[in-house]
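[1] Pasting the sequence and the predicted coordinates here, then a few questions.
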Amino acid sequence: MKKYILLLLVISAVIFNVSAQDGIVNGVHGYTPKSYVHPTDSVIKERLEWFRDQKLALMMHFGLYSVAGIRESWPLSDEDGVKWSRSDVDWTKDNEVFKKWYQELITKFDPVRLNPDVWAKEAAESGFKYFIFTTKHHDGFCLFDSKYSNYKTTSPECPFSDDPRADIVKTVFDAFRAKEIPVVAYFSKPDWHHNDYWENYGLGYKTTRMPSYNVEKNPERWNRFQEYTRNQILEIIKNYGRIEAIWLDGGQVQRRYGLDIKIEEIIAEARKIQPWLISVDRTARGQCENIITPEQTVPKTPIAVPWESCVTMGKYWSYHYNETYKSSDDLIRLLVDIVAKGGNLALNITPQPDGRLPRPAVERMRKMGEWLKVNGNAIYSTRPLSPYRKDDWAYTRNRVTGEHFAIRLLKDGENLEGKQFIPDIKASKVVQLATGKVFKLTKVDGGVTFELPADFKPSSVAEVFKLEY
């Protein structure tokens with residue numbers, strides 16, 4: 001038995017190292033644009049153009065981990081816990097005690113102040129154009145009423161189960177659609193609560209992000225897990241209204257690592273029900289990875305395929321009681337940088353255990369919304385405009401109106417006055433989007449210049465000028 005466990009650990013370590021080489025370090029995923037497989041289905045190609053127009057998504061991680069204020073799911077993996085994910089777990093060093101305690105969090109999950117109508121209202125007013133929500137994270141806890149699992153918000157074990165909002169995914173998706181915000185279903189391919197992934201929920205042995213058994217030697221177990229995954233994905237697609245995309249996390253579950261769940265067949269079945277469905281099979285490098293998803297990072301240069309940087313507003317994906325948040329100015333800078341390179345920003349915030357949105361997060365959302373109300377034409381429905389990013393300038397092109405924009409990113413405390421230089425642009429004048437003021441341009445080596453009066457006050461941290469030729 002000891003030799004068998006050692007073999008499993010060696011196999012897992014090898015696979016983990018391969019993952020790290022693919023750009024997955026401490027749960028942070030890289031991006032793989034060179035291996036992108038372009039869809040041939042005309043409907044999916046059209047939907048990907050729609051996706052590229054949206055630019056800003058609200059993303060939410062919500063689950064058992066929110067109750068405890070610890071990292072999402074990952075502390076359950078002993079291997080990842082030792083390396084990085086259990087820094088919040090300061091009340092025990094006993095792996096078995098912790099994992100058993102985590103399983104019992106289902107009896108504590110009770111977000112009585114859940115109000116998705118407020119979530120959706122804040123998102124709509126703040127300029128978010130689509131919504132990504134965790135239907136199930138790696139711990140296997142379902143926020144939807146899955147008939148294939150008892151580890152869910154509608155289980156009698158969960159105190160929230162007798163609440164009319166207990167099917168949280170349905171409640172939340174309905175609220176966002178009512179505000180005309182399309183929804184995307186996050187779904188974890190690994191399920192650490194399923195006996196055909198982790199035996200006995202991971203109790204009694206050292207867990208890794210991989211299955212607890214040799215899949216090649218136990219194909220019948222893996223086939224059961226594959227069928228379970230298929231059933232749950234199709235359950236969401238069949239029962240939860242229009243879904244724009246299925247956002248598949250848990251990149252270790254893929255064919256290259258010997259963990260084939262037949263995702264192409266699952267997506268094909270799903271598209272018989274919802275033909276427009278975008279598939280986001282993260283880091284899998286196959287025909288089902290329609291969107292590249294850099295995590296907590298932004299590419300240095302534009303990527304010529306559909307992509308979306310998923311970034312936390314705070315430090316963590318999950319709710320933390322002592323969370324610190326990025327400033328609204330930094331978030332606007334981040335959005336502009338991503339959009340200038342052709343991508344979307346999926347900005348993650350996490351509801352509090354009682355279901356409310358953290359006030360600091362809402363304040364930052366609103367400030368972003370104020371900026372977008374004035375400058376949205378330079379963000380939504382845009383595509384990259386050469387030279388994309390240069391010095392403190394970012395450039396975009398609105399594909400609907402044909403307008404070109406140059407966006408000046410200001411540093412904290414910086415003011416704009418006097419002569420301004422816009423590199424690598426040939427235009428005759430610029431129009432300040434916030435005020436409509438017109439400034440004539442003078443051609444110089446390497447770009448153009450224009451003069452701002454001494455009393456000029458920038459309207460925000462990212463001042464937008466429309467280019468006219």
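    That came through fine. These figures come from a predicted structure and were not determined experimentally.
[2] Now do the contacts for the nearest residue to residue 397 once chain neighbours are set aside.
    Counting by Cβ to Cβ, 6 or more residues apart in numbering, residue 397 lies nearest to residue 385, which is 4.1 Å off, once chain neighbours are set aside. C-beta coordinates here come from the backbone N, C-alpha and C atoms, glycine included. Taking Cβ atoms under 8 Å, 6 or more residues apart in numbering as the contact definition, residue 385 lies against 340, 395, 396, 397, 404, 405.
[3] need these in JSON lines with pLDDT and neighbour count, can you?
    Listed next are these as JSON lines, based on pLDDT from 0 to 100; neighbours: other Cβ atoms under 10 Å:
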{"residue": "340", "pLDDT": "98", "neighbour count": "25"}
{"residue": "395", "pLDDT": "98", "neighbour count": "24"}
{"residue": "396", "pLDDT": "98", "neighbour count": "27"}
{"residue": "397", "pLDDT": "98", "neighbour count": "17"}
{"residue": "404", "pLDDT": "98", "neighbour count": "20"}
{"residue": "405", "pLDDT": "98", "neighbour count": "25"}
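[4] Among those, name the ones in helices.
    Those of those mapping onto helices are residue 340, per DSSP state H.
[5] The closest residue to residue 287 other than its chain neighbours: what secondary structure?
    Setting aside the residues directly before and after it, residue 287 is nearest to residue 37 in space (Cβ to Cβ, 6+ apart), at 4.6 Å. Following DSSP: H, G, I helix; E, B strand; the rest coil, the label given to residue 37 is coil.
[6] swap in residue 133?
    Quick answer, by three-state DSSP: residue 133 is strand.
[7] In this structure, where's the longest strand?
    Criterion DSSP state E: the longest strand present in the chain is strand 382-390.
[8] Can you tell me the strand partners of that strand and which way each runs?
    Here strand 382-390 has these sheet partners by DSSP bridges: strand 393-398 (antiparallel).
[9] Just the residues contacting the strand it pairs with, thanks.
    336-337, 339-340, 377-389, 403-409, 422-423, 425, 462.
[10] ok, back up a step: any idea how far the residue nearest to residue 397 lies from residue 122?
    31 Å (Cβ to Cβ, to the nearest Å).
[11] Likewise for residue 53?
    22 Å.
[12] Compare those two and say which is more crowded by neighbours.
    Applying other Cβ atoms under 10 Å to residue 53 and residue 122 shows that residue 122 carries more neighbours, namely 19 against 16.
[13] Tell me which helix or strand the more buried one sits in.
    Using DSSP states H and E, residue 122 sits within helix 116-125.
[14] For the stretch 101-250 of the chain, which segments count as strands?
    Ranges of strands within the stretch 101-250 of the chain are 130-136, 183-188, 245-249, based on DSSP state E, counting those that start in this stretch.
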